[in-house]
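Peer 1: Please work out how this folds:
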Amino acid sequence: MKTHGKVAFLGLGVMGGPMAGHLARADHQVTVYNRTKARVEEWQAKWADEGLQLSGAGTPAEAARGADIVFTCVGNDQDVKQVILGENGALEAMSDGALMVDHTTTSANLARKLFDSCRAKGVGFVDAPVSGGQAGAENGKLAIMCGGTAEDMERAAPVMECYAARIVHVGDAGAGQTAKMANQMCIAGVLGGLSEAIRLSQAAGLDLDKTLDAISGGAAQSWQMENRWHTMVKDEFDFGFAIDWMRKDLGYALEEARGLGLSAPVTELVDQLYAEIQASGGGRKDTSALISRLPKGEK
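Peer 2: Numbering: from 1, shown residues only. Next up is the predicted model:
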């Protein structure tokens, strides 16, 4: 793949770290930034084991200066504002004609505001939230839903391909974030039904492996069923996509739904159940821990 000169990656969490590594493996010149310097050093050591050299920067602005494309993957709206628009933020240092790609899951309103801010400075912007979790990031198999102009997408897509299995341009700025909201609402609903189905199967004394085999081959099949059934049965939740993160995402989805005059009772119910798990100290558990709110019952 042709190098794009310099790219920057801001945010080296469980998603951003592997994604930055994929950029380097694809022969891009990568400068990274993370709020916690120790995280940068940790990732640099891992990449060095593969023979990869990624430069570290002390501020988002330093990382972004001279970059053709700046990628961000941080926590929430406030974090994105800080690294892009805050003091020593990336946008102030970006050159006319550069491109900003935000992989953070944020509100659609923020994505639209960032598009306007970037455009005023002559910088392109794509909101590009991802789905696929840590495994998808590590294996370079993420699904990316994007909002922005066709011109900006044409520039961003070839670079994102190094860590993506699917890239879809959904629409204008904010459309990628709205599609991610729909994605999270679907996951919440599926996990709600899956939790109840497992409890029913357990209470009825069914062979759980055979039940999975029977129903996963039909219309009920889902990624959650294939990847979480066995761990949910065993009450194993110390991995995966944390409830804390899911509640943040569902909050954006519910806010957007209200703004559009819609009701989302299933999403609201699942969000409430997750809030109860959070309150009991389970916020870092995988989203499949939703099943823990349902009693097992008796045969």
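Peer 1: CA only for contacts and neighbour counts going forward, please
Peer 2: Noted.
Peer 1: Any idea how many residues pack against G281?
Peer 2: G281 has 10 neighbours, counted by other C-alpha atoms under 10 Å.
Peer 1: Show me the helices in the stretch 151-299 of the chain, by range?
Peer 2: Assigned by DSSP state H, counting those that start in this stretch, the stretch 151-299 of the chain shows helices spanning 175-203, 208-215, 223-233, 243-259, 265-279.
Peer 1: now the ones you listed in TSV, with mean neighbour count?
Peer 2: TSV is the format used below for the helices of the stretch 151-299 of the chain (neighbours: other C-alpha atoms under 10 Å):
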stretch	mean neighbour count
helix 175-203	20
helix 208-215	12
helix 223-233	16
helix 243-259	19
helix 265-279	17
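Peer 1: would you list the ones you listed in TSV and tack on distance to G148?
Peer 2: TSV is the format used below for those (distance: least, C-alpha to C-alpha, whole Å):
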stretch	distance to G148
helix 175-203	8
helix 208-215	39
helix 223-233	28
helix 243-259	18
helix 265-279	27
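Peer 1: how about CSV for those helices, with mean pLDDT added?
Peer 2: Below are these laid out as CSV (pLDDT from 0 to 100):
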stretch, mean pLDDT
helix 175-203, 98
helix 208-215, 98
helix 223-233, 97
helix 243-259, 98
helix 265-279, 98
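Peer 1: Could I get the contacting residues of L142?
Peer 2: V130, S131, G132, G133, G136, Y163, A164, A165, R166 (C-alpha atoms under 8 Å, 6 or more residues apart in numbering).
Peer 1: List only buried entries from the residues you listed.
Peer 2: Listed as buried from the contacts of L142 are V130, S131, G132, G136, Y163, A164; burial here means 16 or more other C-alpha atoms under 10 Å.
Peer 1: Now the helix or strand containing A111: buried residues?
Peer 2: Assigned by DSSP states H and E, A111 belongs to helix 108-120. Buried positions in helix 108-120, judged by neighbour count with 16+ other C-alpha under 10 Å: A108, N109, L110, A111, R112, L114, F115, D116, S117, C118.
Peer 1: go on, stretch 158-174?
Peer 2: Residues of stretch 158-174 classed as buried: 159-164, 167, 169-174 (neighbour count, 16+ other C-alpha under 10 Å).
Peer 1: And the pLDDT at E298?
Peer 2: With respect to pLDDT, E298 scores 67.
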